[in-house]
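Chemist: Sequence plus the predicted model coming up.
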Amino acid sequence: MTPAQRSTFGHLNRRSFLRYSAFAGAALGGAGALAACGGNSGGSSNGTTEDGSKYGSVAVQLSWLKNIEFAGEYFADSKGYFKEAGFGSVDLVAGGAASTSVEAGLDTGKVWLGLSAPQTTAPAILEGLPAKIVATTYQKNPFAIVSAAAKPLESPQDMKGRKIGVQDTNQLIFNALLTANGLKPGDVTVVPAQYDPTPLANGEVDGWVSYVTNEPITLAAKGFQNTHFLFADFDLPLVAETLTVAQSTIDKERDKLKAFLAAEIKGWKDAVADPAESARLAVEVYGKDQKLDPAEQTKEASAQNELVVSADTAANGLLSMTDALIEQNIAALRAAKIDIKAAQLFDLSVLREVYAENPGLK
């Protein structure tokens, strides 16, 4: 995104470590509140939908505005993978700071599936939302500390005695990074920050909480040479852009969910293979109203691929999570004082069935 869109880094509004206020403000009615989930699908999975397709139409809420982050969904839609899977249409609903959370959408039944994050979904589940994460786009979360190349911060230990710009919404995840690495809040000087990293470029702070797919790229484009380290590489290995559904979808619409996941995998395989086309779809088609910069979006697509692809996905397929990674996420959440069990938050059985039945998707 351009500076005009979100002061370069307004994207951090939805990067909040605990961003489920819209959900928390809604009245949670337990399982009954989710009775309408899937109601926007246009019919049942038996071929009797209003549009004549097998599964009808569904609404999928994105975690942010329509930029490069959702390249896989753009490919799945534009190349007809969703239709081939049996969907009449898939409505990609833009998220954003002004939108309700994915969890709130699932609670009310306004969305069938949403892209979220463990640190957002877990508190909602603990508050009573019957939902599960069934797949993840990013194997690593994009949170990073970016710093000047001339004064690099290459690990959490390097932050001792330094000034770090931290947005209020990201204070919790930053504290979790400190805790996970044996640091205390007093070991660093936290400088309250907004979303424009000009203070870093001006030397007012030594480090800045950022997204690796965004700030390092846009800062470099402005001539500020920088480096970074990922939270995920230092004992906070949370995944991101997780695919979340209501428990009722897993229980009652399993074939429909499997069909969707198969189309998603195809879309993300295309996106990983072609960053330039990913950027074109974001800039010229799906995010056309965002006035995105093609060169920047292409670079972000390439950076994003490093989060989407890993040794584990090479072995098990895109969107997958190993049991070990799941347990690492549970431990990371616990470090952030979110105590939840793996079985409460994750159900990768549907995705594993997809790959077992379609080995060619790997």
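Modeler: It's in. Residues are numbered from 1 along each chain as shown.

Chemist: The residue lying closest to Asp233 once chain neighbours are set aside: how many residues sit nearby?
Modeler: Take Asp233 and drop its neighbours on the chain: the residue closest to it by C-beta to C-beta, 6 or more residues apart in numbering is Lys140, 7.7 Å away. C-beta here means a position set from N, CA and C on the backbone, and glycine is covered the same way. By other C-beta atoms under 10 Å, the residues close to Lys140 number 22.

Chemist: Next up, the contacts around Lys140.
Modeler: Residues near Lys140 by C-beta atoms under 8 Å, 6 or more residues apart in numbering: Leu230, Ala232, Asp233, Pro237, Val239, Ala240, Leu307, Ser310.

Chemist: Confirm it sits in a helix?
Modeler: No - under DSSP: H, G, I helix; E, B strand; the rest coil, Lys140 sits outside any helix and is assigned coil.

Chemist: Distance-wise, check it relative to Leu348.
Modeler: Distance of Lys140 to Leu348, given as C-beta to C-beta, to the nearest Å: 17 Å.

Chemist: Can you show me the strands along this protein?
Modeler: 56-61, 87-93, 113-116, 131-138, 143-148, 163-167, 189-193, 207-211, 226-230, 240-246 (DSSP state E).

Chemist: Val283: which of these is closest?
Modeler: strand 87-93 (15.5 Å; C-beta to C-beta).

Chemist: partners of the closest one, with directions?
Modeler: If you go by DSSP bridges, strand 87-93 pairs up with strand 56-61 (parallel).

Chemist: that older thread, filter the contacts of Lys140 down to just the buried residues.
Modeler: Leu230, Ala232, Pro237, Val239, Ala240, Leu307, Ser310 (16 or more other C-beta atoms under 10 Å).

Chemist: Hmm, the second one is touching Ile173, no?
Modeler: No - look at Ala232 against Ile173 with C-beta atoms under 8 Å: they stay out of range, at 11.2 Å.

Chemist: any common contacting residues for those two?
Modeler: The contact lists of Ala232 and Ile173 share Phe143, where a contact means C-beta under 8 Å, 6+ apart.

Chemist: where are the low-confidence patches of the stretch 51-200 of the chain?
Modeler: Applying pLDDT under 70 to the stretch 51-200 of the chain flags the ranges 97-98.

Chemist: let's see it at 80
Modeler: Filtered on pLDDT under 80, the stretch 51-200 of the chain yields the residue ranges 96-99, 169, 172, 195.

Chemist: Can you tell me the centre-most residue of this structure?
Modeler: By C-alpha atoms, centre = their mean, the chain has its centre lying nearest to Glu241, at 2.0 Å.

Chemist: I'd like the distance between it and Ser278.
Modeler: Taken as C-beta to C-beta, the span from Glu241 to Ser278 is 14 Å.

Chemist: next one: Leu183
Modeler: Taking C-beta to C-beta, one finds Leu183 at 37 Å from Ser278.

Chemist: Could you do Lys54 as well?
Modeler: Distance, Lys54 to Ser278, by C-beta to C-beta: 28 Å.

Chemist: Ok, Lys151 next?
Modeler: 33 Å.

Chemist: Comparing the two, which shows the higher neighbour count?
Modeler: Ranked by neighbour count (other C-beta under 10 Å), Lys151 and Ser278 place Ser278 first, with 28 against 13.

Chemist: can you pull out the helices in the stretch 51-200 of the chain?
Modeler: Here the stretch 51-200 of the chain has its helices, by DSSP state H, counting those that start in this stretch, at 71-78, 81-84, 102-108, 118-126, 171-180, 198-201.

Chemist: Now the fourth one: buried residues?
Modeler: Looking back up the chat, that one is helix 118-126. Neighbour-count burial for helix 118-126 [16+ other C-beta under 10 Å]: Pro118, Gln119, Thr120, Thr121, Ala122, Pro123, Ala124, Ile125.

Chemist: which one of these is nearest Asp339?
Modeler: For the buried residues of helix 118-126, the nearest to Asp339 is Ala122 (8.9 Å; C-beta to C-beta).

Chemist: show me the residues around the closest one that make contact.
Modeler: Contacts of Ala122 by C-beta under 8 Å, 6+ apart are Leu333, Ile338, Ile340, Gln344, Leu345.

Chemist: still on that earlier bit, just send the contacts of Lys140 back as a markdown table, with pLDDT and distance to Met159 too.
Modeler: Below are these laid out as a markdown table (pLDDT from 0 to 100; distance: C-beta to C-beta, whole Å):
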| residue | pLDDT | distance to Met159 |
| --- | --- | --- |
| Leu230 | 96 | 14 |
| Ala232 | 93 | 16 |
| Asp233 | 94 | 14 |
| Pro237 | 93 | 19 |
| Val239 | 96 | 24 |
| Ala240 | 94 | 22 |
| Leu307 | 96 | 22 |
| Ser310 | 96 | 26 |
